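*Asks:* whatever this is, show me its structure:
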Amino acid sequence: MFIFALIGVLGFLGTIVFLIWALVRKFQKKPAKQFVSYAGVSFAAFIIAMIFDPGTEQTSSDSEPAEEEQSEEVQSTESSEGNNNESEEEETEEPKEELYLSAETLKYNKENDVVTIAGETNVVDGASITFALLGNGDEDYALVPDSTTVKNGEFEITLGDFEDNSEQEYVENGDYPVVASFGTQRDEALSSEYEGYEYFTNNYTIQNDAQIENTESGFLIESIDLGNISIENAYSAEEIEDLKLDNKKQNAEQLDFARLKKNPDKHAGTYVTYTGEIIEIQESDNTTYMRLAVTKTNYGYDYDDVIYVEYDDYTEFVEEDEVTIYGEVYGTFDYTSQAGWDISIPAVIADIVE
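*Replies:* From the prediction side, this is the model:
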């Protein structure tokens, strides 16, 4: 391309020079035909050089696509290398470990009215795990939740054990979801093994995608699904209500009236029973109100030893009937008598009147 450019330049300059020289010769009236021929040859050389030389414009135009192709190749190579690096990173990233609890035993025992939950887990030994049967209707739980410790990759817990609770529990027939929960709060084994929320979520998952909550005192995992238990040989709702009332009656305290009268507020919340004679009874808004004489003498009941009773239902009883009530001491009840006297007597909120 350089040779064609050089020939073109020389041809162009030669044409001009020979034409000028031919004009000079002609003015001098000397032969100029030879120089005109030289000018023609130079011009022909210039034209030939222009035809065969690609030119700077064409060279630049042709080179741009080449540069674009080269740039595209570089970008493609870089993109391919980037994808390969990402792929390598994904391949080298270690998978998260899934923690699980497998309940191999879900059994109801009619004799003791308890539910046993047992199984295996890969949660760290020494961890405390809470188990529960979700309730029906208004009840959050069918039985009071309880906790046990993982030992050698296994767990076992008995829910409804009377010795572990303040009052007897009774299981109603039905289908119940069984759930578990655990967290690092106040649990040294869990906090040592799994540290905190960020570390746990970066390295572990939990079965069935149970929700992990981040709290100020560590992470908490609740409602881990362990399956369902179907109970058919327990109690109906009516049977449970009767059993609870019987249990209350058996544990009711026969508190001496003199002690109750001295300081009713001190005994508030105590579950008691009294037998006495109704000296006044009223009913309103599905509630029964009565004054009950509770101290029996050789001549009948002493009308000076009276308690106020409120019962959330109607009864068939009338004045002078003898009844037995069971309920919690409310404290002191104040009222004004028909004679205008201010009177304070002990009050009981009864759940049984018979």
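*Asks:* I'd like to know which helix or strand in the chain has the lowest mean pLDDT.
*Replies:* Between all helices and strands in the chain, the lowest mean by mean pLDDT, DSSP states H and E belongs to helix 55-92, at a mean of 54.
*Asks:* for whichever helix or strand comes after that helix, the averaged confidence score.
*Replies:* Sequence-wise, the next helix or strand downstream of helix 55-92 (DSSP states H and E) is strand 97-99. In this model, strand 97-99 carries a mean pLDDT of 92.
*Asks:* tell me what strand 97-99 is packed against?
*Replies:* On a contact count with 3 or more C-beta pairs under 8 Å, 6 or more residues apart in numbering; DSSP states H and E, strand 97-99 meets strand 204-206. Heads up, the C-betas are built off the backbone N, CA and C, glycines and all.
*Asks:* quick one: the strands in the stretch 201-350 of the chain?
*Replies:* For the stretch 201-350 of the chain, the strands defined by DSSP state E, counting those that start in this stretch cover 204-206, 212-215, 218-231, 271-284, 287-297, 300-311, 322-336, 342-353.
*Asks:* make JSON lines from the ones you listed and add mean neighbour count to it.
*Replies:* Shown next, in JSON lines, are those (neighbours: other C-beta atoms under 10 Å):
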{"stretch": "strand 204-206", "mean neighbour count": "17"}
{"stretch": "strand 212-215", "mean neighbour count": "12"}
{"stretch": "strand 218-231", "mean neighbour count": "17"}
{"stretch": "strand 271-284", "mean neighbour count": "16"}
{"stretch": "strand 287-297", "mean neighbour count": "18"}
{"stretch": "strand 300-311", "mean neighbour count": "18"}
{"stretch": "strand 322-336", "mean neighbour count": "17"}
{"stretch": "strand 342-353", "mean neighbour count": "18"}
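*Asks:* wait, which of those strands is closest to Glu239?
*Replies:* strand 218-231 (13.2 Å; C-beta to C-beta).
*Asks:* can you give the strand pairings for the closest one, parallel or anti for each?
*Replies:* Strand 218-231 pairs in its sheet with strand 174-183 (antiparallel), strand 212-215 (antiparallel), by DSSP bridges.
*Asks:* and of the strands of the stretch 201-350 of the chain, who's closest to Leu101?
*Replies:* Nearest to Leu101, of all those, is strand 218-231, at 6.0 Å by C-beta to C-beta.
*Asks:* and the average pLDDT for that closest one is what?
*Replies:* Mean predicted lDDT for strand 218-231 stands at 92.
*Asks:* try stretch 104-115
*Replies:* 91.
*Asks:* quick one: mean pLDDT over stretch 236-245.
*Replies:* 88.
*Asks:* buried sites along it?
*Replies:* For stretch 236-245, the neighbour count (16 or more other C-beta atoms under 10 Å) marks Ile240 as buried.
*Asks:* tell me how far Gly196 lies from Ala180.
*Replies:* To Ala180, Gly196 is 21 Å away according to C-beta to C-beta, to the nearest Å.
*Asks:* so who does the nearest residue to Glu322 once chain neighbours are set aside touch?
*Replies:* Nearest in space to Glu322, with sequence neighbours left out and distances taken as C-beta to C-beta, 6 or more residues apart in numbering, is Glu277 at 5.5 Å. Contacts for Glu277 (C-beta atoms under 8 Å, 6 or more residues apart in numbering) come out as 292-293, 300-301, 320-322.
*Asks:* got it, and Gln254?
*Replies:* 272-274.
*Asks:* any idea which of the strands paired with strand 218-231 scores lowest on pLDDT?
*Replies:* strand 212-215 (a mean of 90).
*Asks:* for Leu143, give me its contacts.
*Replies:* Taking C-beta under 8 Å, 6+ apart as the test, what Leu143 contacts is 115, 132-133, 159-160, 169, 171.
*Asks:* next: Phe182.
*Replies:* Phe182 neighbours (C-beta under 8 Å, 6+ apart): 123, 127-130, 190, 220-221.
*Asks:* and of those, the nearest to Tyr176?
*Replies:* So of the contacts of Phe182, ranked by how close each gets to Tyr176 (C-beta to C-beta), first place is Thr130, at 15.6 Å.
*Asks:* what residues sit buried inside stretch 191-211?
*Replies:* Under the neighbour-count criterion of 16+ other C-beta under 10 Å, stretch 191-211 has 191, 193-194, 197, 200, 204-206, 210 buried.
*Asks:* check contacts around Glu98.
*Replies:* 204-207.
*Asks:* then Asn122?
*Replies:* By C-beta under 8 Å, 6+ apart, the neighbours of Asn122 are 97, 99-100, 153.
*Asks:* minimum distance to Lys107: which of the strands of the stretch 201-350 of the chain has it?
*Replies:* strand 218-231 (7.9 Å).
*Asks:* against Gly119, how distant is Glu154?
*Replies:* From Glu154 to Gly119 the distance is 7 Å (C-beta to C-beta).
*Asks:* what about the contacts of Phe182, which are in helices?
*Replies:* Of those, the ones assigned to helices by DSSP state H are Leu190.
*Asks:* as CSV, the contacts of Phe182 with distance to Lys266 would be great.
*Replies:* Putting the contacts of Phe182 into CSV (distance: C-beta to C-beta, whole Å) gives the following:
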residue, distance to Lys266
Val123, 48
Ala127, 44
Ser128, 38
Ile129, 41
Thr130, 36
Leu190, 44
Leu220, 40
Ile221, 45
